[in-house]
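1. Sequence unavailable; structure follows:
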């Protein structure tokens, strides 16, 4: 038995199906898909949540199809030949990057990827780890300096 809250969802699904067919995009497979979705919504105790869950599932599966098949960290989607990620950063109070990192693998040539930290490029994980160890050490020194500077300042105030 179809719940009263299913009626508007089903009406919208049917209207969408009519619109798709009207512009010539309908197929028997798409008609069968609409019928299946309508049946699921009609049998659901919460039709709005059900259609939302179906939409999320379709969206999640679509993103999987768009994800880069070569590099898990590549943020390019769909067909592409250059690979990159430029969004790893620490921003200052004025939103300018204090430190930025990412990866790039360009098409052509040997297409070897690089990982960069600010303006420094690295061709292997060992070199990246050596530099991040230096950065950790530097940040520890910055923390210690901050403690001293603000303690000295407080001592004079």
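-> Now that the structure is in, tell me what you want to look at. Values in this document were obtained by computation on a predicted structure and should not be read as measured data. Residues are numbered from 1 along each chain as shown.

2. if I read this right, residue 88 contacts residue 101, doesn't it?
-> Yes - using CB atoms under 8 Å, residue 88 makes contact with residue 101 at a distance of 4.3 Å. C-beta here means a position set from N, CA and C on the backbone, and glycine is covered the same way.

3. Neighbour count: those two, which is higher?
-> residue 101 (21 against 15; other CB atoms under 10 Å).

4. The top helix by length along the chain - contacts with which helices or strands?
-> Counting by DSSP state H, the longest helix found in the chain is helix 125-156. If you count contacts as 3 or more CB pairs under 8 Å, 6 or more residues apart in numbering; DSSP states H and E, helix 125-156 packs onto strand 114-117, strand 120-122.

5. looking at those, which is closest to residue 45?
-> strand 114-117 (49.5 Å; CB to CB).

6. Now do the closest one: which elements does it pack against?
-> Applying 3+ CB pairs under 8 Å, 6+ apart, one finds that strand 114-117 contacts strand 97-105, strand 120-122, helix 125-156.

7. Just give the number of residues close to residue 126.
-> Quick note: residue 126 (other CB under 10 Å) scores 9 neighbours.

8. ok, and which of the helices and strands packed on strand 114-117 has the densest surroundings?
-> strand 97-105 (a mean of 16; mean count of other CB atoms under 10 Å).

9. That strand pairs with which strands?
-> strand 83-91 (antiparallel), strand 114-117 (antiparallel) (DSSP bridges).

10. Present those strands as TSV; the columns should include distance to residue 49 and mean pLDDT.
-> Below are those laid out as TSV (distance: least, CB to CB, whole Å; pLDDT from 0 to 100):
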stretch	distance to residue 49	mean pLDDT
strand 83-91	32	85
strand 114-117	42	90
